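Student: give me the fold of what follows.
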Amino acid sequence: MTGQDGFELVVFDCDGVLVDSEVIAIRVDQRVLADLGWELELNEIVERFVGKSEAHFVAAIEQQLGIRLADGWDRDYGRWYQEAFERDLEAVDGIEEALDRLSLPHCVASICVASSGSHEKMRRTLGETGLLHRFQGRIYSATEVANGKPAPDLFLHAAASLNTAPERCAVVEDSAYGVQAARAAGMHVFAYAGGVTPAERLAGPGTTVFSDMRQLPGLIAAGPPA
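Tutor: Residues are numbered from 1 along each chain as shown. Down below sits the predicted model:
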């Protein structure tokens, strides 16, 4: 199978795949949780939250601490994230080169983003890293579906919106929950192990693990292993 007659759509996660935000975010997450009264190590935050939605984050806090977070609870904390992103956020190393090569007609017909983050967050982070124009009109958020990752809803929603059968989709993910969601959607996963999630947590059926974004165009063109 080749990229030309195989995959018709490549679905990118955003955080940790397009923008190098995961390390920044989990450090701020740790500060936020500590301020609320829940001390967690960085690796625990990765295992519990990376790849899942803000709604899941809020629900976990409420359950753990036995409290109800009021509307607007995160207004002050939002400034912590914004300041950290403005100071440190960059595109994932090698992603622009990979996207340039994927845009060639013989490699792939279409690309899109499907992320657990909100549209507002993606507009900000993709905009700050100069990637937003590449995905305009093809950005999908977990806020649009009933169930976020690891459920397949978001990836199936993106595929249906672009009139592509799930089996013709490739997903690029960096989190264990995102990889599970792609598998559940019946899509082949290209799991990026160059971020915060160890390769062994990403490996499994229907999954190609790689560690350098510059490898991605060749992997997509080759298609999934027979």
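Student: this structure: strands as residue ranges?
Tutor: Along the chain, counting by DSSP state E, strands occupy 9-12, 110-115, 139-141, 169-173, 188-192, 207-210.
Student: wait, which of those strands is closest to Ala25?
Tutor: Ala25 lies closest, by Cβ to Cβ, to one member of the strands of the chain: strand 110-115, at 12.3 Å. Heads up, the C-betas are built off the backbone N, CA and C, glycines and all.
Student: ok, back up a step: turn the strands of the chain into TSV, columns for distance to Thr125 and mean pLDDT.
Tutor: Formatted as TSV, these follow (distance: least, Cβ to Cβ, whole Å; pLDDT from 0 to 100):
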stretch	distance to Thr125	mean pLDDT
strand 9-12	13	96
strand 110-115	9	96
strand 139-141	11	97
strand 169-173	16	97
strand 188-192	16	98
strand 207-210	22	97
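Student: and Arg27, what does it touch?
Tutor: 42, 84 (Cβ atoms under 8 Å, 6 or more residues apart in numbering).
Student: go with 10 Å
Tutor: Shown in contact with Arg27 (Cβ atoms under 10 Å, 6 or more residues apart in numbering): 42, 45, 80, 84, 88.
Student: quick check: helices, which of the residues you listed are part of them?
Tutor: Counted as lying in helices by DSSP state H, out of the contacts of Arg27, are 42, 45, 80, 84, 88.
Student: now for the second one, how many residues are close by?
Tutor: In terms of burial, Ile45 registers 19 neighbours under the definition other Cβ atoms under 10 Å.
Student: you'd agree it is up against Ser175?
Tutor: No: using Cβ atoms under 10 Å, Ile45 makes no contact with Ser175, being 11.9 Å away.
Student: common neighbours of those two, please.
Tutor: With Cβ under 10 Å, 6+ apart as the test, Ile45 and Ser175 both reach 22, 196.
Student: now do Gly78, the pLDDT please.
Tutor: The model reports Gly78 with a pLDDT of 85.
Student: cool, and Leu219?
Tutor: At Leu219, pLDDT is 94.
Student: surely it meets Thr208?
Tutor: Yes: using Cβ under 10 Å, Leu219 is in contact with Thr208, at 5.9 Å.
Student: which one's more surrounded, these two?
Tutor: Thr208 (20 against 17).
Student: which one is that one nearest to, not counting chain neighbours?
Tutor: Closest residue in space to Thr208, ignoring its immediate chain neighbours: Phe190 at 5.1 Å, by Cβ to Cβ, 6 or more residues apart in numbering.
Student: list the residues that contact that neighbour.
Tutor: 7, 10, 12, 17, 170-174, 179, 182, 202, 207-210, 213, 215-216, 219-220, 224.
Student: repeat for Ala160
Tutor: Neighbouring residues of Ala160 by Cβ under 10 Å, 6+ apart: Pro166.
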